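> sequence first, then the predicted structure:
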Amino acid sequence: MKSLVVLACAILCLTISVPARSELREVREVHYQMGTVLDITLWHSEPGEAKKLVRRSVQEVHRLEGILSNYDPESSLSFFNERAGRGRVKLDADLFRVLDVATTLSRRTAGYFDVTVGPLVALWQRAGEKGSLPKPEVLSRNLDLVGAHRLKLYQTGEAELLYDGMKIDLGGIGKGYAVDRIVEMFRTAGVKSALVNFGGSSIYALGNPPHEDDWAIGVQGIDDHLIGMVHLKDRALSTSGSMGRSWKIQGVRYGHLINPKSGLPVAERRSATAIAATATEAEALTKPPILLGSPGMALIKNFPGTESLLVSDGDRLYFSQGFAAATRFQRIDRQ
């Protein structure tokens, strides 16, 4: 029986499996990290060693949270944000690596993925709490602080936010980076079969389960019912939704994802799934289709070997050209 993982934005993924008739044993642990659930399943000939490896990977995620967190005032990211407009800062190696990847992704997505969107996120959070729209002049001032070209990285391992008030927000890429670190650890340890599922929104399928060709993953629609199955091996998958968190302002529901070009949050109900070589890349590439709708899927073509699926209201599905073939997608109709 294939392992089944049900993915949706901001919900848990559920893995159902049966023991394989082989020398490998399944080890699965669930931990709370980065404000959500980290669910790790791996197959190993030595369950004791597997458990130690899982625990080390959880410790690594905890370490990364202390570096990349937007909410921890003592994190390396918080220190960097506080130094905005004050010149170069020597960064932790992991923070520099994430920002280096993020700036590349921003350039290749025409700026629709942008980790400098922090001022806009904070602005709309305050607007949601007050129940009133930001004033146009305030929105304009915050827009002037956004743009990956205003984040400078140097070969010395230093970085600089050019203007006071700038703020990096890694909420759209941090979990993916943590998933990739776990997969690196597993590969170094010789693990051939594992599923790393972080919060139901970022997943990596390493190898395949015993007696199976791949990992079978169920994708849910906007209203949480199963819309289809995909099959993955040595690939990452990420799913994001426009209304995972939202605010209602003057009768309109606004989602938590902010368009870094307009400064406005998404008001349409959408979810997007991206498949890529890394979870970091996959997590970032869910954002353009949610912000732009089906036209945003054209940006995914800039990433060879990457596929995407967009779900809009009424479960209308939009696929990248190679999605069905790459994933052996199977549509599941609503009962």
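Happy to help now that I have it. A quick note: this is a predicted structure, and the numbers were derived from the prediction, not measured. Numbering: from 1, shown residues only.

> contacts, neighbours, all on C-alpha from now
Fine.

> wait, L145 touches L151, no?
No - if you go by Cα atoms under 8 Å, L145 and L151 don't touch, sitting 10.1 Å apart.

> need the overlap of contacts for these two.
Overlap of the contact sets of L145 and L151 (by Cα atoms under 8 Å, 6 or more residues apart in numbering) consists of T116.

> now the chain, which segments are flagged as low pLDDT?
Within the chain, the ranges that satisfy pLDDT under 70 run 1-22, 224, 334-335.

> name the residue closest to the centre of it, please.
E283 (3.1 Å; Cα atoms, centre = their mean).

> now for the helix or strand harbouring it, which elements pack on it?
Using DSSP states H and E, E283 sits within helix 279-285. Helix 279-285 sits against helix 174-188, strand 202-206, strand 235-241, strand 270-276, with contacts defined as 3 or more Cα pairs under 8 Å, 6 or more residues apart in numbering; DSSP states H and E.

> repeat that for 6 Å
Under the contact definition 3 or more Cα pairs under 6 Å, 6 or more residues apart in numbering; DSSP states H and E, helix 279-285 sits against helix 174-188, strand 235-241, strand 270-276.

> pull the contacting residues for E307.
Taking Cα atoms under 6 Å, 6 or more residues apart in numbering, we find E307 in contact with 274-275, 320, 323.

> got TSV for those, with neighbour count too?
Listed next are those as TSV, based on neighbours: other Cα atoms under 10 Å:
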residue	neighbour count
A274	28
I275	28
S320	17
F323	19
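
> re earlier: nearest to V311, out of the helices and strands packed on helix 279-285?
Among those, strand 270-276 comes nearest to V311, with 5.2 Å by Cα to Cα.

> could you list every helix and strand in contact with that closest one?
When contacts are defined as 3+ Cα pairs under 6 Å, 6+ apart, strand 270-276 packs onto strand 235-241, helix 279-285, strand 307-312.

> tell me which of the ones you listed lies nearest to R88.
Among the helices and strands packed on strand 270-276, helix 279-285 comes nearest to R88, with 25.4 Å by Cα to Cα.

> now distance to F113 too, for the helices and strands packed on helix 279-285, in CSV please.
Listed next are the helices and strands packed on helix 279-285 as CSV, based on distance: least, Cα to Cα, whole Å:
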stretch, distance to F113
helix 174-188, 13
strand 235-241, 13
strand 270-276, 13
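
> of all the ones you listed, which one is nearest A127?
Proximity to A127 (Cα to Cα) singles out strand 235-241 among the helices and strands packed on helix 279-285, at 20.3 Å.

> how far off centre is the closest one?
Put simply, strand 235-241 sits 6 Å off its chain's centre (Cα atoms, centre = their mean, to the nearest Å).

> so what strands line up beside the helix or strand following that strand?
For strand 235-241, the succeeding helix or strand toward the C-terminus, using DSSP H and E, is strand 246-249. Next to strand 246-249 in the sheet, as set by DSSP bridges, lie strand 252-255 (antiparallel).

> which other residues reach the strand it pairs with?
Residues outside strand 252-255 that contact it (Cα under 6 Å, 6+ apart): 242-243, 246-247, 265-267.

> hang on, the earlier thing: quick check: which of the helices and strands packed on strand 270-276 is buried the most?
Highest mean neighbour count among those (mean count of other Cα atoms under 10 Å): helix 279-285, with a mean of 29.

> for the longest helix belonging to the chain, buried residues please.
The residue-count maximum for a helix in the chain (DSSP state H) belongs to helix 47-68. For helix 47-68, the neighbour count (16 or more other Cα atoms under 10 Å) marks 47, 50-51, 53-54, 57-58, 61, 64-68 as buried.

> got it, and stretch 290-305?
Buried, per 16+ other Cα under 10 Å, within stretch 290-305: 290-291, 293-294, 296-297, 300-301.

> closest one to V98 among the helices and strands packed on strand 270-276?
helix 279-285 (8.7 Å).

> check which element follows the closest one along the chain.
Counting by DSSP H and E, the next helix or strand C-terminal to helix 279-285 is helix 287-292.

> hmm, who's touching that following helix?
Helix 287-292 is contacted by residues 112, 270, 296-297 when judged by Cα under 6 Å, 6+ apart.

> packing partners of the longest helix of the chain?
For helix 47-68, not one helix or strand is in contact under the criterion 3+ Cα pairs under 6 Å, 6+ apart.

> between that helix and helix 174-188, how big is the angle?
Counting by axes from the mean of the first three to the mean of the last three Cα atoms, to 10 degrees, helix 47-68 lies at 140 degrees to helix 174-188.

> ok, A93 to A50 distance?
Separation of A93 from A50 (Cα to Cα, to the nearest Å): 27 Å.

> also G176?
Taking Cα to Cα, one finds G176 at 22 Å from A50.

> please apply the same query to R270.
Remark: distance between R270 and A50 (Cα to Cα) = 38 Å.

> now do G165
45 Å.

> please name the nearest non-neighbouring residue to S76.
I67 (4.7 Å; Cα to Cα, 6 or more residues apart in numbering).
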